[in-house]
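# 3D model of this:
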Amino acid sequence: MPQLLRYLCDITAQRDRARLEKHVVRTLYDFLGVQQVSIHRLYMVQDKPLTGITTWADASGLHHVDDDLCWPKGTIPLAEHPQLQQIYQDGIEKTETATQGRLVTALPIQRGEQLFGFVEIIHEQALQAQQIETLRDLTTIYSNCIALLDYSEIDSLTGLLNRKTFDEKLIKILSQMNAHGDASRHDHNGVPSRREGHYGGDKQHWLAVIDIDFFKRVNDNFGHLMGDEILLLVATLMKRSFRGEDKLFRFGGEEFVVLLKPVKLEDALRVFERFRQTIADYHFPQVGQVTISIGFTYITAQDTPSQVIDAADEALYYAKTHGRNQVQNYEQLIENGGLQRKDNKSGDVELF
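Numbering: from 1, shown residues only. Below is the predicted model:
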């Protein structure tokens with residue numbers, strides 16, 4: 001028991017999701033004495049569930065795949081994993097099946113009211129009652145720790161990720177891209193490179209800055225409570241419009257940020273244009289029509305956080321000063337002469 005308490009102290013001390021997950025898997029593996037322990041994350045794409053293993057422990061050691069950059073290798077539709085699919089559909093607490101002479105036990109991992117993923121145990125002998133109790137308790141502790149991390153990372157008004165979390169996520173993405181040898185933003189002539197993306201082809205990570213047009217008028221004419229309602233509705237429409245693996249942030253005030261996982265330029269344009277149109281078509285109570293402007297840019301390993309944000313801000317500023325209610329891409333604006341590259345960017349752009 002004292003050893004288990006030391007493991008629990010280590011688990012509850014973690015403030016990083018990846019380290020937390022690794023500690024939970026290691027603890028389960030050590031205390032259950034099984035062949036393998038795995039965490040399967042749940043991803044939603046257009047309301048279709050996928051699952052992939054992010055952390056596992058077996059006789060070869062402890063392994064982790066960070067899913068901030070991309071889904072884990074081997075991510076599959078949840079329907080191809082019947083045991084996990086049963087938990088997802090029926091909401092059952094535990095399943096145990098025999099596969100190729102092995103027993104497989106799986107439990108859901110909750111994230112508040114939502115299903116976050118699954119813990120899967122591969123073992124030769126049936127789990128004893130005390131082992132099952134340990135498995136359930138540690139899974140519950142993991143869920144509680146996730147909830148606490150969510151509380152510190154979530155914007156209280158909109159339910160989106162907050163500015164502090166954005167800074168951490170962007171730095172993490174840049175450091176991981178550096179570790180994988182991503183190319184520079186510029187070619188030898190200082191022109192935006194049309195180089196292949198980190199994942200091959202021309203897929204890129206994208207950062208978009210989204211700003212509600214004339215938001216000050218909403219506050220002035222309808223009051224700050226209605227202004228908050230508009231922010232909440234925009235955030236709700238964001239959650240419906242983007243993929244589950246895309247990161248959505250409230251950057252501050254009426255400004256939002258999206259970190260889009262790797263897609264081609266034309267796909268990124270289509271995603272952002274579709275969201276712009278969704279907002280423009282939505283009838284906001286009392287206010288009527290609200291529009292947004294979007295500026296976006298791709299991310300490379302050679303960027304600093306300020307460079308990425310500045311590039312997206314410049315594209316946003318161009319959209320704001322050329323009619324609003326539009327989507328602009330920084331690289332295209334540089335290429336067609338709409339913007340000129342600046343050696344020293346000035347930081348935040350004043351939009352009003």
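# which stretches of this structure form helices?
2-12, 17-32, 82-90, 129-153, 163-179, 215-222, 224-241, 265-281, 305-321, 330-335 (DSSP state H).
# got CSV for those, with mean neighbour count, distance to residue 58 and mean pLDDT too?
Every residue, glycine included, has its C-beta placed from N, CA and C. Below are these laid out as CSV (neighbours: other C-beta atoms under 10 Å; distance: least, C-beta to C-beta, whole Å; pLDDT from 0 to 100):
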stretch, mean neighbour count, distance to residue 58, mean pLDDT
helix 2-12, 13, 18, 82
helix 17-32, 20, 8, 93
helix 82-90, 15, 18, 92
helix 129-153, 16, 17, 91
helix 163-179, 16, 24, 86
helix 215-222, 15, 52, 95
helix 224-241, 16, 36, 95
helix 265-281, 16, 37, 96
helix 305-321, 21, 37, 95
helix 330-335, 19, 44, 94
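# export those as TSV, with columns for distance to residue 48.
Below are the helices of the chain laid out as TSV (distance: least, C-beta to C-beta, whole Å):
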stretch	distance to residue 48
helix 2-12	32
helix 17-32	24
helix 82-90	11
helix 129-153	23
helix 163-179	24
helix 215-222	34
helix 224-241	14
helix 265-281	17
helix 305-321	29
helix 330-335	31
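# so which of the ones you listed is nearest residue 59?
The minimum distance between residue 59 and the helices of the chain falls on helix 17-32, with 9.7 Å, by C-beta to C-beta.
# restrict the closest one to CA atoms and write it as CSV.
Provided in CSV are the C-alpha atoms of helix 17-32 (Å, rounded to 0.1, in the frame of the first residue of the first chain):
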residue,chain,number,x,y,z
ARG,A,17,-1.2,15.6,-19.9
ALA,A,18,1.4,13.4,-21.5
ARG,A,19,3.3,12.9,-18.3
LEU,A,20,0.0,12.2,-16.4
GLU,A,21,-1.0,9.6,-19.0
LYS,A,22,2.4,7.8,-18.8
HIS,A,23,2.3,7.7,-15.0
VAL,A,24,-1.2,6.2,-15.0
VAL,A,25,-0.2,3.5,-17.5
ARG,A,26,3.0,2.7,-15.7
THR,A,27,1.2,2.4,-12.4
LEU,A,28,-1.5,0.1,-13.8
TYR,A,29,1.1,-2.1,-15.5
ASP,A,30,3.2,-2.4,-12.4
PHE,A,31,0.4,-3.1,-10.0
LEU,A,32,-1.8,-5.4,-12.2
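# what is the neighbour count of residue 51?
25 (other C-beta atoms under 10 Å).
# name whatever forms a beta bridge with it.
In this entry, residue 51 is beta-bridged to residue 42, residue 76, by DSSP bridges.
# what residue is smack in the middle of this structure?
Centroid check for the chain by C-alpha atoms, centre = their mean gives residue 247 as the closest residue, at 3.5 Å.
# give me the nearest residue to it, chain neighbours excluded.
Closest residue to residue 247 apart from its sequence neighbours, by C-beta to C-beta, 6 or more residues apart in numbering: residue 259 at 4.0 Å.
# which residues touch the one you found?
166, 169-170, 173, 205-207, 246-247, 249 (C-beta atoms under 8 Å, 6 or more residues apart in numbering).
# picking that back up, closest one to residue 109 among the helices of the chain?
Nearest of these (C-beta to C-beta): helix 129-153, 5.8 Å.
# thinking again about what came up before, residue 39: which of the helices of the chain is closest?
Closest of those to residue 39 is helix 17-32, at 5.7 Å (criterion: C-beta to C-beta).
# residue 12 is in contact with residue 27, correct?
No - with contact defined as C-beta atoms under 8 Å, residue 27 does not count as touching residue 12 (11.2 Å).
# mind checking which of the helices of the chain is nearest residue 107?
helix 129-153 (5.3 Å).
# and that closest one, what other elements does it pack with?
helix 2-12, helix 17-32, strand 102-111, strand 114-123 (3 or more C-beta pairs under 8 Å, 6 or more residues apart in numbering; DSSP states H and E).
# distance to residue 59 added to these, as JSON lines?
Shown next, in JSON lines, are those (distance: least, C-beta to C-beta, whole Å):
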{"stretch": "helix 2-12", "distance to residue 59": "20"}
{"stretch": "helix 17-32", "distance to residue 59": "10"}
{"stretch": "strand 102-111", "distance to residue 59": "14"}
{"stretch": "strand 114-123", "distance to residue 59": "11"}
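# which stretch among these comes nearest residue 288?
Of these, nearest to residue 288 by C-beta to C-beta is strand 114-123, at 32.5 Å.
# can I get the contacts of residue 259 in CSV with distance to residue 272?
Shown next, in CSV, are these (distance: C-beta to C-beta, whole Å):
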residue, distance to residue 272
166, 17
169, 19
170, 18
173, 19
205, 14
206, 8
207, 11
246, 11
247, 14
249, 15
